[in-house]
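Colleague: sharing a model that was predicted from the sequence below.
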Amino acid sequence: MPAVALSRAGARAVESGPGGEDLAAGTWQRLEALPDPRSPQGRIYPLPCLIAVAVCAFTAAGNDRLTAVGQWTRRASQQDLARLRAPWDPVAGRYRAPDEKTIRVVLDRLEPRALTRALLGPRRRRRRGGPPAGARDYRARRAAQETKALARGRLRAVAVDGKTSRGARRGDGTRVHLLGVAEHGGRLLDHLEIDVKHNETSHFAELLASLDLAGAVVTFDALHTVRANLDWLAAEKNGQYIAVVKANQPLLYARVKALPWRQVPAGSLTRDAGHGRLETRTLKTAHVKGLDFPGARQAIKITRWRQDTATGKISRQTVYAITSLASAQATAADLARLVREHWTIEAHHHIRDVTFTEDTAASRTGCGPANLATIRAAIIAAIKDAGYLHIPEGRRDHTTPAEALCLHGLD
């Protein structure tokens, strides 16, 4: 695809909302609004320039560490540095290129939630149609993705889940742990760093407070099935939920498990093959009263049978859940899809670990780990918006500075 076409596509991805409407600010405007953590004295590089360099450098295939950012910047031409709004050196008669340490210090000090709002703000949904020039077609997968996108449009949902960066250890020996929220489909909306995993529940409201959740369904694992959080979700955010029920809520678990499920017909049955196994899932729902849990209207029983295609071994798993959705708001098939698609936030985490090697990244000082995770999430979103089904393929197609600039609408 010509650079001009990429430039226009990148600009549309930044400047247009889901329905084609203009957004309040584009990429540069959002970056310019960031609070600069540096002292005004001695500043050489504008903050938007340093963030743009980091985003474009990490887009390139193989650039998974801050040391690679310096190498990428040294390869950038004077034209690319001008487009990145690097400062002009009148003595040398050229644009100055920031080094790795300058960018590292800024990312360590920059307020993570501010960077999240700037880079993970509203963007254009992925364009419909065929793949970008040079990308593989994957027609069946693309068609399946379009079908899922239509279903998500009818009933919006977000997933909450935590992720531990195993290679990033603080001075006290603890690992960096991020609690994130993503749309069903994998687009990260926000995340924040917490001290340890078992404290996720106390940050549930803080994470979701800035999001518009009116009418949206929030999915999460059993750790977040906490009365106070669900009370807040219903009263303050006017949201719905599907909550997995396990032994951390023993009375609720016992009551849901004791329902006469044998008398309830299966409302949804799906079969899938892949990853070396055959999987059959059935879902039953039952309207219930007196569960004594905020807004609970239905109980759900999910049974999964999995057969290993190599050994023939069959395993069975039963999961119970409750939801504030009535049958008139969501069918059994809708509930099955929502429960199934909760894994898309885990798929997003998997991409960051495998494609960007985040799980082995040793950056651990200040706000660096959270800000680097935000940059990786922004790159994933931009590549998906460009029409790629696989992130590594999109990174390989945008390795040069000019290509990365166009992809992110920074030209």
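Modeller: All right, it came through fine.
Colleague: name the next helix or strand downstream of the longest helix along the chain, please.
Modeller: Longest helix in the chain, counting residues (DSSP state H): helix 368-385. Using DSSP states H and E, the helix or strand that follows helix 368-385 in sequence is helix 391-396.
Colleague: who are the packing partners of that next one?
Modeller: helix 368-385 (3 or more Cβ pairs under 8 Å, 6 or more residues apart in numbering; DSSP states H and E). All C-beta atoms are positioned from the backbone trio N, CA, C, and that covers glycine.
Colleague: distance between the helix it packs on and the chain's centre?
Modeller: Centroid separation for helix 368-385 versus its chain: 8 Å, with Cα atoms, centre = their mean, to the nearest Å.
Colleague: and it, what's its mean pLDDT?
Modeller: For helix 368-385, the mean pLDDT works out to 93.
Colleague: next one: phi and psi at the closest residue to residue 89 other than its chain neighbours?
Modeller: Spatial nearest neighbour of residue 89, chain neighbours left out: residue 96 (5.0 Å); criterion: Cβ to Cβ, 6 or more residues apart in numbering. Backbone geometry at residue 96, expressed as degrees, to the nearest 10, gives phi -90, psi 140.
Colleague: for stretch 145-159, C-alpha coordinates in PDB please.
Modeller: Written as PDB, here are the backbone C-alpha positions of stretch 145-159 (Å, rounded to 0.1, in the frame of the first residue of the first chain):
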ATOM      1  CA  GLN A 145     -14.700 -12.200  13.200                       C
ATOM      2  CA  GLU A 146     -17.300 -10.100  11.400                       C
ATOM      3  CA  THR A 147     -20.100 -12.300  12.700                       C
ATOM      4  CA  LYS A 148     -18.800 -12.000  16.300                       C
ATOM      5  CA  ALA A 149     -18.500  -8.200  15.900                       C
ATOM      6  CA  LEU A 150     -22.100  -8.000  14.900                       C
ATOM      7  CA  ALA A 151     -23.200  -9.900  18.000                       C
ATOM      8  CA  ARG A 152     -21.000  -7.700  20.200                       C
ATOM      9  CA  GLY A 153     -22.700  -4.700  18.700                       C
ATOM     10  CA  ARG A 154     -26.100  -5.900  19.900                       C
ATOM     11  CA  LEU A 155     -24.900  -6.400  23.500                       C
ATOM     12  CA  ARG A 156     -21.800  -4.500  24.600                       C
ATOM     13  CA  ALA A 157     -19.600  -6.200  27.100                       C
ATOM     14  CA  VAL A 158     -16.200  -5.600  28.800                       C
ATOM     15  CA  ALA A 159     -14.000  -8.100  30.700                       C
END
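Colleague: hmm, residue 170 and residue 362 touching each other?
Modeller: No. Between residue 362 and residue 170 there is no contact under Cβ atoms under 8 Å: 11.6 Å.
Colleague: picking that back up, which residues touch the residue nearest to residue 89?
Modeller: 44-45, 81, 86-89 (Cβ atoms under 8 Å, 6 or more residues apart in numbering).
Colleague: relative to residue 74, how far out is it?
Modeller: 12 Å (Cβ to Cβ, to the nearest Å).
Colleague: sorry, back to before: from residue 86, how far off is the residue nearest to residue 89?
Modeller: 6 Å.
Colleague: what sits in contact with each of those two?
Modeller: residue 45.
Colleague: residue 178: what secondary structure?
Modeller: strand (DSSP: H, G, I helix; E, B strand; the rest coil).
Colleague: how about stretch 115-123: buried residues?
Modeller: Residues of stretch 115-123 classed as buried: 115-121, 123 (neighbour count, 16 or more other Cβ atoms under 10 Å).
Colleague: export these to a markdown table and tack on secondary structure?
Modeller: Below are these laid out as a markdown table (three-state DSSP):
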| residue | secondary structure |
| --- | --- |
| 115 | helix |
| 116 | helix |
| 117 | helix |
| 118 | helix |
| 119 | helix |
| 120 | coil |
| 121 | coil |
| 123 | coil |
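Colleague: nearest spatial neighbour of the most centrally placed residue in the chain, skipping sequence neighbours?
Modeller: What sits nearest the mean C-alpha location of the chain, by Cα atoms, centre = their mean, is residue 188, with 2.2 Å. Distance criterion Cβ to Cβ, 6+ apart; nearest residue to residue 188, sequence neighbours excluded, is residue 377 at 4.0 Å.
Colleague: how about residue 76?
Modeller: residue 401 (4.5 Å).
Colleague: phi, psi of the one you found?
Modeller: Dihedral angles (degrees, to the nearest 10) for residue 401: phi -60, psi -40.
Colleague: am I right that it is in contact with residue 78?
Modeller: No. Assessed by Cβ under 8 Å, residue 401 is found out of contact with residue 78, at 10.8 Å.
Colleague: pick out whichever of these two has more residues nearby.
Modeller: residue 401 (24 against 13; other Cβ atoms under 10 Å).
Colleague: check contacts around the more buried one.
Modeller: 56, 72, 75-77, 80, 84.
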